[in-house]
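Peer 1: quick one: sequence plus predicted model below, questions after.
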Amino acid sequence: MKADVITLHSVANYGTQLQALATQEKLKEYFDEVEFIDYRRPDTYGLNLMKTFSRGNFLRALAILPTMLVWKSRFGRFQKKYLHLSKNTYLTQADLNKFQDNADYYIVGSDQVWNSGWNNGVIKTYYLDFVDSRKPKFSFSSSFGQSRLGAEEASEVRDLLSGFQTLSVREPSAVQIVKNQLGIDDVTQLVDPVLSLPAEYWRRIATGSVPKEKYILIYSLNRNYDLDMYAKALSRHTGIGLVRFCTRLDQVFRPGTARIIPNILDFINLIDHAVFVITDSFHATAFSMLLNTPPICIYPEKYSSRISEFLKLTDSESRHLSSYNDFDIIKQPMDFSRINTILKAKREQVDLFLKRSVSLDLGDRNE
């Protein structure tokens, strides 16, 4: 059997790339072939990507160009080596009208595929509207990235999801959206696909060297002066040096020894060997928990619920840094034995959902 998957694989983000790989590898346990539909959101490539980061400012555009060239190389090599992408690339509706329907199942997810804020509205493509309605469809840990939809969006999404065989979403708040706003009771909450694979898998494929000395890793997706000053103060307080995982070239000027746009799988090694991880990223938080590295989580201004709900899920809400004067957070013990047990149970839930999603359709075909 073949499964075609649509997700945010074209976004130049480390967590996004790793969740795409995890989605593929987990689904390969249930399908003979897994292929990503190479649909690219308009703002994730070329001039549109530059416009997104430059916000129409010519000088900002010139500044981000070198970073974009490195991104194209880093992420392009990763996708070519690790992700099974469709032969055809789909950029427009006209391209999708020529979509070759040759899979047995169609799947959407994971990550924030249904976040209308990032997507600048509802992108129907991420609801598989171009797929033959007779083909089985389900979502795999998809996220809205927010705790509530507007009435108009909820109405549109309700119609788009009406043809799905089974639904799974990433956050508990998304369960409430589906049940309370969309009126669909059959929905399952699953962890992000990166957590559906055990730590041993990620350690086996991790790449890159790590510092010989102890270090605190900074992985910050948003410009945050207070976060940087806190990291410097924590370094002085503990006597442990800082390493910054730079996702852009301009971040080399911020605190910490710079690792400049590393290879994608270096992300795992650097988190795994850190003493602490200071981050505003969901996936850095998720990998920290999975690899048993204590995170110090700073909630971003937008879409922070995905981090807060994950901390609640793992009974680790104390890892949220509520004050930049708090250095006692590093003294708080973490019961990784309990966290590992929770995540193991969540992995089992993923398997139960996938078995059910596949067996439901097989049952229909045998009737």
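Peer 2: Yep, that arrived.
Peer 1: what strand or helix carries R259?
Peer 2: strand 257-260 (DSSP states H and E).
Peer 1: what lines up beside that strand in the sheet?
Peer 2: strand 241-246 (parallel) (DSSP bridges).
Peer 1: what comes up buried for the partner strand?
Peer 2: Of all the residues in strand 241-246, those buried under the rule 16 or more other Cβ atoms under 10 Å are 242-246. All C-beta atoms are positioned from the backbone trio N, CA, C, and that covers glycine.
Peer 1: same list (the residues you listed) but as JSON lines, adding pLDDT and distance to L343.
Peer 2: Putting the buried residues of strand 241-246 into JSON lines (pLDDT from 0 to 100; distance: Cβ to Cβ, whole Å) gives the following:
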{"residue": "L242", "pLDDT": "98", "distance to L343": "28"}
{"residue": "V243", "pLDDT": "98", "distance to L343": "25"}
{"residue": "R244", "pLDDT": "98", "distance to L343": "27"}
{"residue": "F245", "pLDDT": "98", "distance to L343": "23"}
{"residue": "C246", "pLDDT": "97", "distance to L343": "29"}
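Peer 1: number of nearby residues for Q19?
Peer 2: Residues lying near Q19 (other Cβ atoms under 10 Å) number 28.
Peer 1: again with S220
Peer 2: 23.
Peer 1: which stretches of the stretch 251-367 of the chain form strands?
Peer 2: 257-260, 276-279, 295-297 (DSSP state E, counting those that start in this stretch).
Peer 1: which one, of these, ends up nearest to Y225?
Peer 2: Taking Cβ to Cβ, strand 276-279 is the member of the strands of the stretch 251-367 of the chain nearest to Y225, at 13.6 Å.
Peer 1: what about A12, distance to F53?
Peer 2: 10 Å (Cβ to Cβ, to the nearest Å).
Peer 1: biggest helix in this structure, by residue count?
Peer 2: helix 336-366 (DSSP state H).
Peer 1: mind listing what's buried in that one?
Peer 2: 336, 339-340, 342-343, 346-347, 350, 353-354, 357-358, 361.
Peer 1: which residues sit in contact with P255?
Peer 2: 218, 228-229, 231-232, 235, 242, 244 (Cβ atoms under 8 Å, 6 or more residues apart in numbering).
Peer 1: send me the helix or strand of the chain with the lowest mean pLDDT as PDB with only the CA atoms.
Peer 2: Taking mean pLDDT, DSSP states H and E as the measure, the chain has helix 46-54 as its least confident helix or strand, at a mean of 80. Written as PDB, here are the backbone C-alpha positions of helix 46-54 (Å, rounded to 0.1, in the frame of the first residue of the first chain):
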ATOM      1  CA  GLY A  46      12.100  32.200  -3.700                       C
ATOM      2  CA  LEU A  47      11.200  35.900  -3.700                       C
ATOM      3  CA  ASN A  48       8.200  35.300  -1.600                       C
ATOM      4  CA  LEU A  49      10.300  33.900   1.200                       C
ATOM      5  CA  MET A  50      12.600  36.900   1.000                       C
ATOM      6  CA  LYS A  51       9.600  39.200   1.100                       C
ATOM      7  CA  THR A  52       8.300  37.400   4.200                       C
ATOM      8  CA  PHE A  53      11.600  38.000   6.100                       C
ATOM      9  CA  SER A  54      12.400  41.500   4.700                       C
END
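Peer 1: what residues of the very next helix or strand once past that helix count as buried?
Peer 2: Going down the chain from helix 46-54, the next helix or strand is helix 58-82, by DSSP H and E. Within helix 58-82, the residues scored as buried using 16+ other Cβ under 10 Å are 61, 64, 67-68, 71, 74-75, 78-79, 82.
Peer 1: and the residues you listed, which two are furthest apart?
Peer 2: Counting by Cβ to Cβ, the most remote pair of the buried residues of helix 58-82 is A61 and Y82, 30.2 Å apart.
Peer 1: burial measure for M1, as a count.
Peer 2: Neighbour tally, M1, other Cβ under 10 Å: 13.
Peer 1: helices along this protein, start to end?
Peer 2: 14-27, 46-54, 58-82, 93-96, 151-161, 172-176, 199-205, 225-238, 266-272, 282-290, 305-313, 336-366.
Peer 1: okay, domains of the protein per the record?
Peer 2: With domains defined by automatic domain parsing, the chain comprises 2-197+345-366, 199-334.
Peer 1: among those domains, which gets the worst mean confidence?
Peer 2: Among the domains of the chain, domain 2-197+345-366 has the lowest mean pLDDT, at a mean of 92.
Peer 1: now do it: distance to the chain's middle.
Peer 2: 10 Å (Cα atoms, centre = their mean, to the nearest Å).
Peer 1: need the strands of the stretch 251-367 of the chain in a markdown table with mean neighbour count, can you?
Peer 2: Converted to a markdown table, the strands of the stretch 251-367 of the chain look like this (neighbours: other Cβ atoms under 10 Å):
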| stretch | mean neighbour count |
| --- | --- |
| strand 257-260 | 17 |
| strand 276-279 | 24 |
| strand 295-297 | 26 |
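Peer 1: tabulate the ones you listed (JSON lines), appending distance to F144.
Peer 2: Output for those, formatted as JSON lines (distance: least, Cβ to Cβ, whole Å):
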{"stretch": "strand 257-260", "distance to F144": "32"}
{"stretch": "strand 276-279", "distance to F144": "22"}
{"stretch": "strand 295-297", "distance to F144": "20"}
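Peer 1: which of those sits closest to V187?
Peer 2: strand 295-297 (26.4 Å).
Peer 1: quick revisit: farthest-apart pair in the buried residues of helix 336-366, please.
Peer 2: Within the buried residues of helix 336-366, F336 and D361 form the most distant pair, 38.1 Å apart (Cβ to Cβ).
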